[in-house]
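**Student:** fold the stuff below for me.
(4 chains)
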2 protein chains.
Amino acid sequence: MITEAAKDSIRAVIYIALYREDREFVSIKEIAQNLKLSFYFLSKNLLKLVKAGILESFRGPKGGVNFKKNLKDVKLIDIISVIDGTSLFESCILGFKECSDANPCAIHNKWAEERKKLYEMFDISVEKIVDDIKSGKIKNIKI
Amino acid sequence: MITEAAKDSIRAVIYIALYREDREFVSIKEIAQNLKLSFYFLSKNLLKLVKAGILESFRGPKGGVNFKKNLKDVKLIDIISVIDGTSLFESCILGFKECSDANPCAIHNKWAEERKKLYEMFDISVEKIVDDIKSGKIKNIKI
DNA sequence: TGAATTTAAGATAAAATTATCTTAAAATTT
DNA sequence: AAATTTTAAGATAATTTTATCTTAAATTCA
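**Tutor:** Model (predicted):
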């Protein structure tokens, strides 16, 4: 569905949003330790988000990463697109290069509808997620 | 989402159902050639369906594979389960081993709903697909 | 200034998936 | 019986993803 890299990145982004408070940057080491992720793998993945302009980074003590964009403008779909690419939301489920209403695969219609819903599922901002957590709308959440 | 192996297998199964007519077996070579798939890779994957009791096989000239079960009892979900396993329909989208209503990940509720719909999308029999094609309900289909 | 900390970048390796080949076994055909 | 065809099984390799390490560059702190 989505890669481990994307899963880790989504969790990291939510972690940053929840725990940065008024810090300038959150160190990747801290994120990796608290989420029990590989520092190496996470570093590489977050670097992609930095290069994509979603996060910014800073070196040295007090360094780390933080959001470059506003939380309301960072959606899970953006993270997935940067890390995994957009094919999940664009491609034929059976792998046909050209698959359309005029020339469909066996489950084209079902999948066209479904991937739209998948897109909508991931079309949620980090701000919304954090608000839901902080407001108690989501309880006992795993990060 | 689903692996190449699962995609190939689904297409092969639909091919067999559509083109076996009154033949005892359909050769894997024929399927691979017509679907432009690797004979080697397809053989391995279909063998899994044979071992799972969905298909049966026969060696030698006139040999090949065919359905062991009735078409109405073979659903895409069965093929995916045999080839890829069932984790897509059972696991947390963010990879948490335990993710529940009481202890949810950030998108647990959305995903719980969505994976149910995904399941339903694949909960379609080969018989239904073939009927839709033969009755003209699906036109210009890619196999 | 020098030591320590942290990300950046690239090398290397492990694991999983996909792809290919070889040999064996079973069945048919000649 | 011998040659041919086809699946079965296992070996090998290529590719992609995940994991780890090393060195460099930037920054802070003493």
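**Student:** next up, phi/psi of A:Ser125, please.
**Tutor:** phi -80, psi 160 (degrees, to the nearest 10).
**Student:** what sits against it?
**Tutor:** A:Leu71, A:Lys72, A:Asp73, A:Val74, A:Lys75 (C-beta atoms under 8 Å, 6 or more residues apart in numbering or on different chains). In short, each C-beta sits where N, CA and C put it, glycine included.
**Student:** redo that, cut-off 10 Å
**Tutor:** Taking C-beta atoms under 10 Å, 6 or more residues apart in numbering or on different chains, we find A:Ser125 in contact with A:Ala17, A:Asn70, A:Leu71, A:Lys72, A:Asp73, A:Val74, A:Lys75, A:Leu76, A:Ile77, A:Asp78, A:Asp131.
**Student:** likewise for A:Tyr40?
**Tutor:** Counting by C-beta under 10 Å, 6+ apart, A:Tyr40 has contacts A:Ile28, A:Ala32.
**Student:** near DNA strand D at all, the one helix or strand it maps to?
**Tutor:** Using DSSP states H and E, A:Tyr40 sits within helix A:39-51. Yes - Helix A:39-51 is in contact with DNA strand D by C-beta under 7 Å from any atom of the strand, via A:Tyr40, A:Phe41, A:Lys44.
**Student:** reformat the residues you listed as a markdown table; add pLDDT.
**Tutor:** Output for those, formatted as a markdown table (pLDDT from 0 to 100):
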| residue | pLDDT |
| --- | --- |
| A:Tyr40 | 98 |
| A:Phe41 | 98 |
| A:Lys44 | 98 |
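**Student:** got these as TSV, with distance to B:Lys137 columns?
**Tutor:** Shown next, in TSV, are these (distance: C-beta to C-beta, whole Å):
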residue	distance to B:Lys137
A:Tyr40	52
A:Phe41	47
A:Lys44	47
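**Student:** closest to B:Ala5 out of the residues you listed?
**Tutor:** B:Ala5 lies nearest to A:Phe41 out of the residues of helix A:39-51 next to DNA strand D, by C-beta to C-beta, at 25.3 Å.
**Student:** so how far is A:Val13 from the closest one?
**Tutor:** Counting by C-beta to C-beta, to the nearest Å, the separation of A:Phe41 from A:Val13 is 15 Å.
**Student:** with that, I have no additional questions.
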